[in-house]
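Engineer: fold the following, please.
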Amino acid sequence: MKWKEFFTPVKNMDVEEARIYMAEHEEGTYTLLDVRQLGEYENSRIPGATLIPLPQLSDRLGELDPEKPVIAY
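Structural biologist: Residues are numbered from 1 along each chain as shown. A predicted model of the protein is given here:
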């Protein structure tokens, strides 16, 4: 992925919008991406979330399915 793609406008969701989206879509049809550090992830996380700490994201984008919407937190 090219850096230019990081600056593509995206839709923002608040917490309630994310909850509604997740309730209305089958698990596995979207990626729930946790970009916090490992300690934060281990302390509390949303079940089913994928951990890719923000500093590692550019190197690990290939792990994400480009066909699925991503909800990052």
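
Engineer: centroid-nearest residue for the protein?
Structural biologist: In the chain, the residue lying closest to the centroid (Cα atoms, centre = their mean) is L33, at 2.4 Å.

Engineer: quick one: low-confidence residue ranges for this structure.
Structural biologist: Counting by pLDDT under 70, the low-confidence segments of the chain come to 1-8.

Engineer: one more time with 90, if that's ok
Structural biologist: Scanning the chain with the threshold set as pLDDT under 90 gives 1-11, 58, 66.

Engineer: buried ones in the longest helix seen in it?
Structural biologist: Longest helix in the chain by number of residues, with DSSP state H as the criterion: helix 15-24. Going by neighbour count (16 or more other Cβ atoms under 10 Å), the buried part of helix 15-24 is 18, 22. Every C-beta, even on glycine, is put in place using the N, C-alpha and C of the backbone.

Engineer: and if you look at stretch 37-53?
Structural biologist: 41, 49-50, 52.

Engineer: the strands in this structure, which residues?
Structural biologist: 31-34, 50-51, 70-72 (DSSP state E).

Engineer: output those strands as a markdown table; include the columns distance to L61.
Structural biologist: Putting those into a markdown table (distance: least, Cβ to Cβ, whole Å) gives the following:
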| stretch | distance to L61 |
| --- | --- |
| strand 31-34 | 11 |
| strand 50-51 | 12 |
| strand 70-72 | 10 |
